[in-house]
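Visitor: just the structure for this:
(one chain, ligands or ions: 1)
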Amino acid sequence: MDQQARDVPLLVDVVVIGAGFAGLYAHFKLRSLGLSAFGFEAAPEVGGTWFWNRYPGARCDVESLDYSYSFSPDLLQEWRWSERFATQPEILQYANHVADRFELRRDYAFDTKVIAANFDEAANQWVVRTDRGDQVRCRYLLSAVGGLSLPKAPEIEGLNDFAGRWVQTGCWPREPVDLVGKRVAVIGTGSSGIQCIPLLAQDAAHLTVFQRTPNFSVPAHNGTIDPDYEARVRADYVEHCKRNRYTKGGVPQRINTGKSAMSVSEEERLAKFEQAWGFGTFALQSVFNDTSVNPQSNAAAAAFVHDKIRGIVKDPAIAEKLLPRTFPFGTKRMCLDTGYYATFNRDNVELVDIRETPIERITKAGILTTEQEYPFDLIVFATGFDAVTGPLFALNITGVGGVRLQDAWKDGPQSYLGLTVSGFPNLFTVNGPSSPSVLANMLQTIEHHVEWIVDCIACMETNGFVRIDADEAAQVAWAHEVADMAEKTLYTKANSWYMGANVPGKPRVFLMYIGGLDRYVERCDKIVSEGYAGFNFTAGETNSAAQVGVAAMTGAT
Ligand code: N01
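Guide: Numbers count the residues shown, from 1 in each chain. You can find the predicted model right below:
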């Protein structure tokens, strides 16, 4: 059901796609610029990823105090989180609160999917079409679709034969899913599987986990927020958030030796690992500064987690199956859990290693592996997403010369700063490929991108520019820089969704900028201070207007 009457305009300054945290903030900022903006959202309400991922156990893996918008000091102070890591319902409530407080719903059509966006070169406008028959023209198109918004289709043969029910974590039903007395299967042990498995185990009669690749998971140590810490943060909240933006991960570095794991004694190393394990967050990855680049340091962290798993899981054979061995520690996104490994000590939980006994197909009764058929009432697919590029391709974007984004990116995404794509003028992508996105606190990456984009649009408006396009050479150089940076780490050794490796046929390209949010923000600032180096601007009414030097726009010499 719509949250508002549908009153879709024919022409606006900006179309925003998505009403998650990025889309909402974009609306807020664009309005402050005096531009008209209109948004489309496929869901019936705001919240983006937090609307769709409502599976049991879904919660943020960034501490709530940091996973907060920082643009409004009043909002920062008035909103109180109830837990250190907020649950999905609470985050969704927060998104709704923000939408209400800043009246951000009024320029959205909900339950409306964008199905095409074509650049009209003569008019320098995007023509956006939706599945409800709308056609809107806009001068700027802002994608705020999120990198993890397109769940992978369950790709296991035989699903149509299954007589029971199946669901996906990435689009969990809104009405409660009845688990009581049910025989439940979970396929997938990434962050979503690892979060829901302990809760499903509590309610289901029997839970069978089908694991293809064991993952590294550390205890989140969720609970109430330490009141002293919260008071310190609140006393200086705006500055706290500003400082976050100039860190690698967009969060405070609270346990960080700044040393190589190999530069300290084994005793000190284990003590620091222990401290990080006890603290939660991603501290185990960042406590030493070379975990992601030095194979020895990485192996030490992996061995530490292996020992922890062996210590928690009572059956040694099951513990061995749960040990991640096929990729370096942290190079697939590390998971934060609440009682994940201990769940395998329950009598009603079974682990099936589908590397040993692969799934052959889904049957009427359940799941058939090479070893046996398992009967189920419910199958939960926690099998991940066609990340980063998938949601953009789903928009069916065509740029200059009618080139489809899919074709421009057939060998992997090419983007300048993850913000713009050469040949697709006036299109901005929040958290696009080759930007830090999920490698940092998403609230920080979102706010940074939205502010950069809105400042850029303001600059264009002030200077009479009608078109911005990334210079192809600058884009190629950026892609090389991003790839070189990733190659220097161990991340490229894993078959992860970060590498596009989870989707058959997807080019193997590291999808994020791994140099840290701090370096990235400084780089974006520098590019602006150099007169938007690497961008071409066009002045006037049409695309035939003279190219104008960007230096003139910013006063740079
Ligand atoms: O997806 P994933 P996710 N047959 O791709 C398995 C964010 N997130 O939804 O590794 C059998 O990580 C697959 O196995 P393998 C976070 O950024 C955040 O869990 O490909 N198994 C893997 O085990 C995260 O990284 C939060 O061998 C199949 C699993 O399914 C990202 O979303 C919470 C299969 C997929 O893991 C994605 O996480 C949740 C098949 N055909 C998510 N296909 C928080 O903030 C896939 N698998 C806490």
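
Visitor: going forward, measure contacts between C-alpha atoms and count neighbours the same way
Guide: Will do.

Visitor: which neighbours does the strand ranked longest in the chain have in its sheet, and in what orientation?
Guide: Longest strand in the chain, counting residues (DSSP state E): strand 135-143. Using DSSP bridges, strand 135-143 pairs in its sheet with strand 11-17 (parallel), strand 125-130 (antiparallel), strand 427-429 (parallel).

Visitor: what about this protein, any weak spots by pLDDT?
Guide: By pLDDT under 70, the low-scoring segments of the chain are 1-5, 541-557.

Visitor: and it, what are its domain boundaries?
Guide: Using automatic domain parsing, the domain parsing of the chain gives 11-150+387-554, 159-381.

Visitor: pick the most deeply packed of those domains.
Guide: Among those, domain 11-150+387-554 has the highest mean neighbour count (mean count of other Cα atoms under 10 Å), at a mean of 20.

Visitor: so where does residue 367 fall, helix or strand?
Guide: Secondary structure assignment for residue 367, by DSSP states H and E: strand 366-369.

Visitor: which other residues reach the longest strand of the chain?
Guide: Strand 135-143 has contacts (Cα atoms under 8 Å, 6 or more residues apart in numbering) with 8-18, 23, 124-129, 392, 426-430, 466.

Visitor: need the residues of the stretch 351-500 of the chain near the ligand, please.
Guide: Counting by Cα under 6 Å from any ligand atom, the stretch 351-500 of the chain comes close to the ligand at 382, 383, 384, 385, 497.

Visitor: returning to what we had before: same list (the strands paired with strand 135-143) but as JSON lines, adding distance to residue 453.
Guide: Shown next, in JSON lines, are the strands paired with strand 135-143 (distance: least, Cα to Cα, whole Å):
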{"stretch": "strand 11-17", "distance to residue 453": "11"}
{"stretch": "strand 125-130", "distance to residue 453": "16"}
{"stretch": "strand 427-429", "distance to residue 453": "7"}
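
Visitor: how far away is residue 533 from the ligand?
Guide: As judged by Cα to the nearest ligand atom, to the nearest Å, residue 533 and the ligand stand 31 Å apart.

Visitor: again, but for residue 253
Guide: From residue 253 to the ligand the distance is 18 Å (Cα to the nearest ligand atom).

Visitor: contact partners for the nearest residue to that residue once chain neighbours are set aside?
Guide: Excluding its sequence neighbours, the residue lying closest to residue 253 (Cα to Cα, 6 or more residues apart in numbering) is residue 247, at 7.6 Å. The contact partners of residue 247, taken as Cα under 8 Å, 6+ apart, are 253, 516, 517, 518.

Visitor: counting only strands, which of these make the cut?
Guide: Per DSSP E, strands hold no members of these.

Visitor: out of the residues you listed, who's nearest residue 448?
Guide: Closest approach to residue 448 among the contacts of residue 247 (Cα to Cα): residue 517, at 9.5 Å.

Visitor: got the contact list for the closest one?
Guide: Neighbouring residues of residue 517 by Cα under 8 Å, 6+ apart: 245, 246, 247, 248, 249, 250, 436, 440, 445.

Visitor: what does this protein have sitting close to the ligand?
Guide: Residues of the chain lying close to the ligand (Cα under 6 Å from any ligand atom) are 59-61, 155-156, 187-193, 212-213, 333, 382-385, 497, 502.

Visitor: which stretches of the stretch 201-350 of the chain form strands?
Guide: Using DSSP state E, counting those that start in this stretch, the strands found in the stretch 201-350 of the chain span residues 206-211, 217-219, 335-337, 349-353.
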